[in-house]
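Participant: predicted coordinates and the sequence they were generated for:
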Number of protein chains: 2
Amino acid sequence: MYTIGQISSMFHIPVSTLRYYDKEGLFPDMQRRSGIRAFSEKEVDALHMIECLKKTGMEIRDIKEFMHWCQQGPATYEKRRDMLLQQKEAVEAEIRRMNQVLDMVTYKCWYYEQAIADGNEERLKSMTPDKMPEKIRQAYENGHK
Amino acid sequence: MYTIGQISSMFHIPVSTLRYYDKEGLFPDMQRRSGIRAFSEKEVDALHMIECLKKTGMEIRDIKEFMHWCQQGPATYEKRRDMLLQQKEAVEAEIRRMNQVLDMVTYKCWYYEQAIADGNEERLKSMTPDKMPEKIRQAYENGHK
DNA sequence: ATTTAACCTGAAGTCAGGTACAGGTTAAAA
DNA sequence: TTTTAACCTGTACCTGACTTCAGGTTAAAT
């Protein structure tokens, strides 16, 4: 059993945030000892899962739903897997989006390197993709589709 | 020259958001015709850049700084390039982070597939990485480092 | 000429995910 | 035993990026 302060230093999460998570229902049925929260291994596991789900960009209210399913045992395995599969797709989509954004800024960086070399943007403004270096053209086209 | 309503439908951005951007200084020295905003090609270009920078996760106040540099001509090319290079690094870091998150949820998805097949988590709870399938082990190890 | 649509401003409201504060209780250390 | 550190609650506040609203002006259409 751990106090909220111990959990705070274990996870590097402010005490206020742990209390906020609790208030939001992320630790269903956590025990208390004369009013004081008692974090067990169950809550430690929960917190690892919460951190994982947060990193995927999941909202607190959905994490709450997931944690409540965890309380209900094997009957909710499918629900939990489905939610994770959905998050996995969301993460994959986000990675695709970010790669496109990366191409966009790669092009913009090249653009400014050229502008610095030229001293102005005249040549660049009238440049068509086929006049760009291969790599930049690819970035430009992927970034602008 | 375009009205705010025309720009709104061209970019699929609410009129209120365009006014908010203007208030935040994202269109330095935009013209007015008897109090009414007149968006020129310059503001259209600016808005394309704003959309790009927003996608990289840049904050409004930093976008404002960038747009003000754009007003100042060739003297600020280096500053603009440096800011873009910095955003590029930020995007690359974010992609690396998301790939790690992806490995984490890939493992969790596999975990629940196993739990569904087993009907419980007993076998899984005591499983060491060397007993996992190769791909899952890699995801597990990458996701947990 | 009048109506109506699109524009304007400033201020307030919204939402997520916390963080800070005031005032009070519990429990470990001196 | 007393002090002090760590805990508790409820409420208020914060940030970022908008959105909404009330009340007023401009300009296009009838």
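Facilitator: Perfect, thanks for sending it.
Participant: near chain B at all, the top helix by length along chain A?
Facilitator: The helix that spans the most residues within chain A, counting by DSSP state H, is helix A:77-118. Yes - contact between helix A:77-118 and chain B, assessed by C-beta under 8 Å from any C-beta of the partner chain, occurs at A:77-78, A:80-81, A:84-85, A:87-88, A:91-92, A:94-95, A:97-99, A:101-102, A:104-106, A:108-109, A:112-113, A:115-116. All C-beta atoms are positioned from the backbone trio N, CA, C, and that covers glycine.
Participant: I'd like to know which of those are buried.
Facilitator: The neighbour count (16 or more other C-beta atoms under 10 Å in any protein chain shown) marks A:77, A:80-81, A:84-85, A:87-88, A:91, A:94-95, A:98-99, A:101-102, A:104-106, A:108-109, A:112, A:115 as buried among the residues of helix A:77-118 next to chain B.
Participant: what does stretch A:58-77 contact?
Facilitator: For stretch A:58-77, contacts defined as C-beta atoms under 8 Å, 6 or more residues apart in numbering or on different chains pick out A:21, A:24-29, A:46, A:49-50, A:53-54, A:79-80, A:83, A:87, B:112, B:115-116, B:119-120.
Participant: now stretch A:133-145
Facilitator: Residues outside stretch A:133-145 that contact it (C-beta under 8 Å, 6+ apart) are A:99-107, A:110, A:129-130, A:132.
Participant: first-to-last residue distance for stretch A:27-36?
Facilitator: One end of stretch A:27-36 sits 14 Å from the other (C-alpha to C-alpha, to the nearest Å).
Participant: average pLDDT for that stretch?
Facilitator: Across stretch A:27-36, the average pLDDT comes to 96.
Participant: list the buried ones in that stretch?
Facilitator: In terms of neighbour count (16+ other C-beta under 10 Å), stretch A:27-36 has its buried residues at A:27-28.
Participant: and that stretch with DNA strand D, contact?
Facilitator: Yes - using C-beta under 7 Å from any atom of the strand, stretch A:27-36 comes into contact with DNA strand D via A:32, A:35-36.
Participant: contacts with DNA strand C among the residues you listed, please.
Facilitator: Among the residues of stretch A:27-36 next to DNA strand D, proximity to DNA strand C is found for A:35-36 (C-beta under 7 Å from any atom of the strand).
Participant: ok, so of the residues of stretch A:27-36 next to DNA strand D, who is nearest residue B:11?
Facilitator: Of all the residues of stretch A:27-36 next to DNA strand D, the one with the least separation from residue B:11 (C-beta to C-beta) is residue A:32, at 52.8 Å.
Participant: which strands and helices sit next to the host helix or strand of the closest one?
Facilitator: Using DSSP states H and E, residue A:32 maps to strand A:31-33. The contact analysis (3 or more C-beta pairs under 8 Å, 6 or more residues apart in numbering or on different chains; DSSP states H and E) places strand A:31-33 against strand A:36-38.
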